[in-house]
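>>> Got a predicted model here, sequence first, then my questions.
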Amino acid sequence: MSDALLSVSRLCAGYGERPAVADISFSLHRGEILCLVGESGCGKTTVLRSLLCAPGVRWLSGEIALKDAELSALPGKARRSLCSQRLGVVFQSPEAAFNPIRSYRRQFVETLKSHGIFNPATFDRQVEQAFARVELKDWRRVLNACPYALSGGMNQRVALALAMLLGQDILLGDELTSALDATIQLSVAKELKKLRDDGVAQIIVTHHLALAGFLADRIGVMYAGRLVELGRAGDVLRHPCHPYTVSLIEAVPGLEDAVPTGLPGSPSLSGPQKVGCEFMERCLRARPDCAARIYALERAGDGHFAACNAGKGDGS
Ligand SMILES: Nc1ncnc2c1ncn2[C@@H]1O[C@H](COP(=O)(O)OP(=O)(O)O)[C@@H](O)[C@H]1O
Ligand SMILES: [Mg+2]
């Protein structure tokens, strides 16, 4: 048995009969940050929502294990409760996770109580410290405010502070710095690294390849519902194998180069296919036999896997 906090094995999940994500396999260890990157619609949020057993997402097949607990073996209610005990989450629109017209103070107290860790004697101090870590000034005013009265960026930082207070093993973050301005983005990113150093494993979904480069121990690149490349951040960014990863990296403006090359076309909306590479029509390296390819992640190096290595040597 591996010592992973989380193991995902051949997960297929979606919103109806058709999978939105397929064959997703990875593991996450204590104190590790995995960033999932890829264009909009590639399935990053669906992976997180599947891990959370969120309503609306259907598991079609595959396994998810949290430490030694196999989630698919548990009935729905027990599964959701285990997920909420072990997985902290900060979503793109954290307002949705809170009641918009109830003060954060009340919601924090209720949540800490439901986790069995509310201590009235230390509560204010804990909140003050957690808010300071995410650069929320005037903590008392924010704590007494209702979510509707705060900006998206502030709500996101409140959600992150709550996740810190809950002290879960794993934090899932969905575009959690995108609503923030650049300086706060950097300080939140630094806080995530400190949390990682405290042992909190994280899966951080981001559009932002530079942020992934800064944060991640490992990067998973998603395209059309599949993980097309997975490996240590330095390996994926410096020695990308999949032509899609190469295109994503090329689309990031360099220091001298203010205009990104851009990524022509848009991701396939039909999601993962049984046969054929989904990236084929946008791929500069496509060959006729790509239409018959069956998806598989193959070893490209130590801890580095890719569904195709035609981009190897193309990276910067
Ligand atoms: N609530 C939903 N109902 C139906 N389809 C959805 C829903 N949410 C996402 N999808 C579809 O699932 C696919 C993956 O979307 P998503 O996981 O949101 O991607 P990402 O987070 O990478 O932008 C897309 O094709 C999207 O249209
Ligand atoms: Mg998303």
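Okay, I see it. None of the values given here were measured: they were computed from a predicted structure. Ligands and ions are numbered 1, 2, ... in the order given.

>>> Just say helix, strand or coil for Leu211.
Of the three states, Leu211 takes helix under DSSP: H, G, I helix; E, B strand; the rest coil.

>>> What is the burial count for it?
Leu211 has 22 neighbours, counted by other C-beta atoms under 10 Å. (Each C-beta comes from the backbone N, C-alpha and C, glycine too.)

>>> OK, contacts around it?
By C-beta atoms under 8 Å, 6 or more residues apart in numbering, the contact list for Leu211 reads 35, 177, 185, 189.

>>> Just flag the most distant two among these.
Cys35 and Gln185 (14.2 Å; C-beta to C-beta).

>>> Which one of these two is surrounded by more residues?
Taking neighbours as other C-beta under 10 Å, Cys35 and Gln185 compare with Cys35 leading, 26 against 17.

>>> Tell me if I am right that the more buried one is in a helix.
No. Under three-state DSSP, Cys35 sits outside any helix and is assigned strand.

>>> isn't it right up against Leu215?
Yes. Cys35 lies in contact with Leu215 (C-beta atoms under 8 Å); the separation is 5.9 Å.

>>> between those two, what contacts are shared?
204, 206.

>>> Which phi and psi values does Glu229 adopt?
phi -150, psi 140 (degrees, to the nearest 10).

>>> Quickly list what it is bridged to.
Val221, Ala306 (DSSP bridges).

>>> who touches it in this structure?
Glu229 neighbours (C-beta under 8 Å, 6+ apart): 219-221, 236, 240-242, 244-245, 300, 304-307.

>>> just Phe214 next, same as before
Ala189.

>>> pLDDT of the host helix or strand of it, averaged?
Phe214 belongs to helix 209-215 when elements are defined using DSSP states H and E. Mean pLDDT, computed over helix 209-215, is 92.

>>> Quick one: neighbours of Pro55, just the number.
Counted with other C-beta under 10 Å, Pro55 comes out at 8.

>>> No further queries at this time; thank you.
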